[in-house]
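Asks: Predicted coordinates and the sequence they were generated for:
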Amino acid sequence: MKKEKGAITLFVLIAILFFIIVLINLLIVTANRANKQIETTQQAIDIYGKSVDEIEDLYKSYFGDKNVIPIYTAEQLQTLATLKTGETKNVTINEAGGKIYTFSLDKVYVLRNDIDASIIDNWTAIGTQTDPFNGILEGANYEIREININSSDEENGLFGFVGENGKIRNLGVTNGTISGNNIILGGIAGTNVGIIENCYNTNEVECKLVASANGLVGGIAGTNAGIIENCWNSGTITSASNCVGGIAGGNSGEIRSCYNEGNVSAETVSGVGGIVGYQPNSDAIVESCYNEGEILAKLACGGVVGDCINGSISKSYNTGNVEATSGAGGVAGICLGSIEGCYSIGTVTGNSYVGGIVGELTSTEGISHCYYLEGTYTGGINGADVVGQAEARTSSHMRSAAFVQELGETNWKIIGNLNDGYPVLAWQE
């Protein structure tokens, strides 16, 4: 009897052990599936040369039919603004044959055509800090037109908060007005912690906060802690608060291969830049970007970054004029971070701490191989050139192959009359 009881006990132990192994494997498979979805969300899905049907089918091959939803109208897209994390809502899409789709904040949405947003009086931003958008919006190279945003919500834009696994791509936001008393305001997103790529904004973005407030206002994002890549802005960006940029008001993430054509101004406040207004983090990156807009502020005003407290600026240039009372620079108004391989040909004006490259700098050790056009200001760093770091160059030299070598041949090219014969970034070809 004792032997039989021992055999039963051993059998139970083996069964329990087997169950535990199966459960662990199940958890690992589930985690791997989740990780695969996150990785796919973050990687680029190439849509070049594909029709919208092919694009939708491509996403279905990654995520499954039920998780890819076609968007035809502004009302359908605005449904997402009514959802919280974990919530779902069934929506009948007549344009897709009356099929019912289950919407949530973590699915894939593919625009099937240009969207007329004018039918919505005041757009409600999709996603909040509490309930971020963690899905994908694939614009498929279409536009959302005539959007009207006039709100005092804390974070505003087409999206309020794009989460860590969120992705907005291949989308234009045009011919609308984005304004309000918002702390964080952007053309595509108020806050981006995910990825925004191949997107553009042509809308005017205006923040009406009082001058004493600390806002974050940008053409693409109010503030970026994720990745913004291959994006551009041509809309005018204005603010009565601090931290204003053509691409992002604040940057603690990565901004690469972006450009700004719009004028950026905050006449009574500080931290205003052609690409980024304020950059506080050591890991923050602005790389291979350029600005053509006019930049105006009271303090800390730069052609690329206004107030670069930390992080890096590299392989970027400015052609726009820069003006501030104090702390004005062709590349950065104030810099405590690093600047490498940049140039400016825009005129820089101000009363104090003014430079062709940097207005105010705590140490020249972080500056290397930067150049400004002779006559745009006298002195590369606060009125003085530093050999090997910030120096003047003539117009003829800056249009030569020798200057491309100074900047770094792999990153720069001269392409005919593009940029009036001055070097452009390799990706502009």
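Replies: The structure has been received and is ready for your questions.

Asks: Please state the backbone phi and psi of Gln389?
Replies: Dihedral angles of Gln389 (phi, psi; degrees, to the nearest 10) stand at phi -120, psi -60.

Asks: now do Tyr59
Replies: Main-chain torsions, Tyr59, degrees, to the nearest 10: phi -70, psi -40.

Asks: and the nearest residue to it once chain neighbours are set aside, how many neighbours?
Replies: Spatial nearest neighbour of Tyr59, chain neighbours left out: Val68 (4.6 Å); criterion: CB to CB, 6 or more residues apart in numbering. Placement of C-beta: from N, CA and C, glycine included. Val68 sits with 22 neighbouring residues when counted by other CB atoms under 10 Å.

Asks: Can you name the residues that contact Val68?
Replies: Glu56, Tyr59, Lys60, Lys107, Val108, Tyr109, Val110 (CB atoms under 8 Å, 6 or more residues apart in numbering).

Asks: Now list the buried members of those.
Replies: Those of the contacts of Val68 that meet the buried threshold are Glu56, Tyr59, Lys107, Val108, Tyr109, Val110, by 16 or more other CB atoms under 10 Å.

Asks: Among those, name the ones in helices.
Replies: Glu56, Tyr59 (DSSP state H).

Asks: Just send the buried ones among the contacts of Val68 back as a markdown table, with pLDDT and distance to Gly250 too.
Replies: Compiled in a markdown table, the buried ones among the contacts of Val68 are given as follows (pLDDT from 0 to 100; distance: CB to CB, whole Å):
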| residue | pLDDT | distance to Gly250 |
| --- | --- | --- |
| Glu56 | 97 | 35 |
| Tyr59 | 97 | 31 |
| Lys107 | 98 | 29 |
| Val108 | 98 | 28 |
| Tyr109 | 98 | 27 |
| Val110 | 98 | 30 |
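
Asks: Which members of the buried ones among the contacts of Val68 are the farthest-apart pair?
Replies: For the buried ones among the contacts of Val68, the farthest-apart pair by CB to CB is Glu56 and Lys107; their separation is 12.8 Å.

Asks: Which parts of the stretch 251-400 of the chain are helices?
Replies: Under the criterion DSSP state H, counting those that start in this stretch, helices of the stretch 251-400 of the chain are mapped to 395-398.

Asks: Extract the residue ranges of it that are flagged as low pLDDT.
Replies: For the stretch 251-400 of the chain, the stretches with pLDDT under 70 are 364.

Asks: ok, 90 please
Replies: Low-confidence segments of the stretch 251-400 of the chain (pLDDT under 90): 266-270, 361-366.

Asks: Kindly report the same for the stretch 1-150 of the chain.
Replies: 1-45, 150.

Asks: Surely Asn122 is in a helix?
Replies: No - counting by DSSP: H, G, I helix; E, B strand; the rest coil, Asn122 is not part of a helix but coil.

Asks: can you tell me which residues contact it?
Replies: Asn148, Ile149, Asn150, Ser151.

Asks: and Val354, bridged to which residues?
Replies: Under DSSP bridges, the beta-bridge partners of Val354 are Ala328.

Asks: Just confirm it contacts Gly380, I think it does.
Replies: No - Val354 lies out of contact with Gly380 (CB atoms under 8 Å); the separation is 10.6 Å.

Asks: which non-adjacent residue is nearest Glu261?
Replies: Nearest non-adjacent residue to Glu261, counting by CB to CB, 6+ apart: Ser234, 4.3 Å away.

Asks: picking up where we left off before, could you single out the nearest of the buried ones among the contacts of Val68 to Gly157?
Replies: Tyr109 (16.3 Å).

Asks: need the contact list for the closest one.
Replies: Val68, Ile69, Pro70, Ile71, Leu77, Leu80, Gly135, Ile136, Leu137, Glu138.

Asks: tell me which residues of the helix or strand hosting the second one are tucked away?
Replies: Secondary structure here is read from DSSP states H and E; on that basis Ile69 sits in strand 68-71. For strand 68-71, the neighbour count (16+ other CB under 10 Å) marks Val68, Ile69, Pro70, Ile71 as buried.

Asks: ok, the first one to Tyr109 distance?
Replies: Spatial separation of Val68 from Tyr109 under the definition CB to CB, to the nearest Å is 8 Å.

Asks: Ok, the last one next?
Replies: Distance from Ile71 to Tyr109, counting by CB to CB: 5 Å.

Asks: Thr319 too?
Replies: Distance, Thr319 to Tyr109, using CB to CB: 37 Å.

Asks: Give me the nearest residue to Gly215, chain neighbours excluded.
Replies: Per CB to CB, 6+ apart, closest to Gly215 is Ser241, 3.2 Å.

Asks: Quick one: classify the one you found as helix, strand or coil.
Replies: Secondary structure, three-state DSSP: Ser241 is coil.

Asks: ok, it touching Asn214?
Replies: Yes - using CB under 8 Å, Ser241 is in contact with Asn214, at 6.4 Å.

Asks: Between the two, which has more neighbouring residues?
Replies: Each of Ser241 and Asn214 has its neighbours counted (other CB under 10 Å); Ser241 has more, 27 against 13.

Asks: got the phi/psi numbers for the more buried one?
Replies: phi -120, psi 180.

Asks: now swap in Thr319 and tell me
Replies: Dihedral angles of Thr319 (phi, psi; degrees, to the nearest 10) stand at phi -120, psi -10.

Asks: from what I can see it touches Ile345, true?
Replies: Yes - here Thr319 lies in contact with Ile345, judged by CB under 8 Å, at a distance of 5.4 Å.

Asks: ok, these two, which is more surrounded?
Replies: Set Thr319 next to Ile345 and count neighbours by other CB under 10 Å: Ile345 wins out with 24 against 19.

Asks: roughly how far apart are the closest residue to that one other than its chain neighbours and Glu391?
Replies: By the measure of CB to CB, 6+ apart, the closest residue to Ile345 outside its immediate chain neighbours is Leu373, 4.1 Å from it. Leu373 sits 11 Å away from Glu391, going by CB to CB.

Asks: Which of these two has more residues huddled nearby?
Replies: Between Leu373 and Glu391, Leu373 has the larger neighbour count (other CB under 10 Å), namely 22 against 19.

Asks: For that one, give its distance to Val387.
Replies: Taken as CB to CB, the span from Leu373 to Val387 is 17 Å.

Asks: Gly262 too?
Replies: 35 Å.

Asks: what do you get for Gly329?
Replies: Applying CB to CB, the value for Gly329 to Val387 is 18 Å.
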